[in-house]
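1. when you get a sec, could you give me coordinates for this:
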Amino acid sequence: VQLVESGGGLAQPGGSLRLSCAASGFFFRSEAMTWARQAPGKGLEWVSSISTDGSITVYADSVKGRFTISRDNAKNTLYLQMNSLKFEDTALYYCARGGVTTWREIGSWGQGTQVTVSS
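-> Numbers count the residues shown, from 1 in each chain. The predicted structure is shown next:
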């Protein structure tokens, strides 16, 4: 199993970034997927999850209305479009196998991509 996140970087408050996660080694289209993040000095925080076919998406209150999770099963890729970025969005972002209630238990995520929001 391999999950490779990319697309992080430096953004200004109010700016946008699009994260990608390339998945391999498992049947991507049969698994719900999740984005999680870890801010400096804090624990791992759930951000968003998406169902196998992309029809159901759920978000943490802190990102609702600003972030959009999506997936392309033909490309085995998960995305996170992040708009209206805030300082508090600064974190290492991970994609993980599993949905909102299972991702921690499954415990399978990538190396992360750093997002830094700074003026």
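2. the residue lying closest to W46 once chain neighbours are set aside: what's it in contact with?
-> Leaving aside its chain neighbours, W46 sits nearest to A36 (5.3 Å; criterion: Cβ to Cβ, 6 or more residues apart in numbering). No exception for glycine: its C-beta is placed from N, CA and C like everyone else's. Neighbouring residues of A36 by Cβ atoms under 8 Å, 6 or more residues apart in numbering: L44, E45, W46, V47, Y93, Y94, C95, A96, W103, W109.
3. buried ones in the helix or strand hosting A36?
-> Assigned by DSSP states H and E, A36 falls within strand 33-38. Neighbour-count burial for strand 33-38, with 16 or more other Cβ atoms under 10 Å as criterion, is recorded at M33, T34, W35, A36, R37.
4. can you map out the helices along this structure?
-> 103-106 (DSSP state H).
5. center of it - which residue?
-> For the chain, W35 is the residue whose C-alpha lies nearest the centre (Cα atoms, centre = their mean; 2.7 Å).
6. how close does the nearest residue in space to that residue that is not next to it in sequence sit to A91?
-> Nearest residue to W35 in three dimensions, chain neighbours excluded: V47, at 4.4 Å (Cβ to Cβ, 6+ apart). Distance, V47 to A91, by Cβ to Cβ, to the nearest Å: 9 Å.
7. hey, what's in contact with both of the two?
-> Common neighbours of V47 and A91 (Cβ under 8 Å, 6+ apart) are R37.
8. now find how far off-centre the least confident helix or strand in the chain by mean pLDDT is within its chain.
-> Every helix and strand in the chain was compared by mean pLDDT, DSSP states H and E; the lowest is helix 103-106, with a mean of 90. Put simply, helix 103-106 sits 14 Å off its chain's centre (Cα atoms, centre = their mean, to the nearest Å).
9. do the same with stretch 27-38
-> 8 Å.
10. quick check: end-to-end length of it?
-> End-to-end distance for stretch 27-38: 26 Å, by Cα to Cα, to the nearest Å.
11. likewise stretch 103-112?
-> 15 Å.
12. which parts of that stretch are buried?
-> W103, S108, W109, G110, G112.
13. let's have those in CSV, adding distance to F26.
-> Below are the buried residues of stretch 103-112 laid out as CSV (distance: Cβ to Cβ, whole Å):
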residue, distance to F26
W103, 14
S108, 8
W109, 13
G110, 13
G112, 19
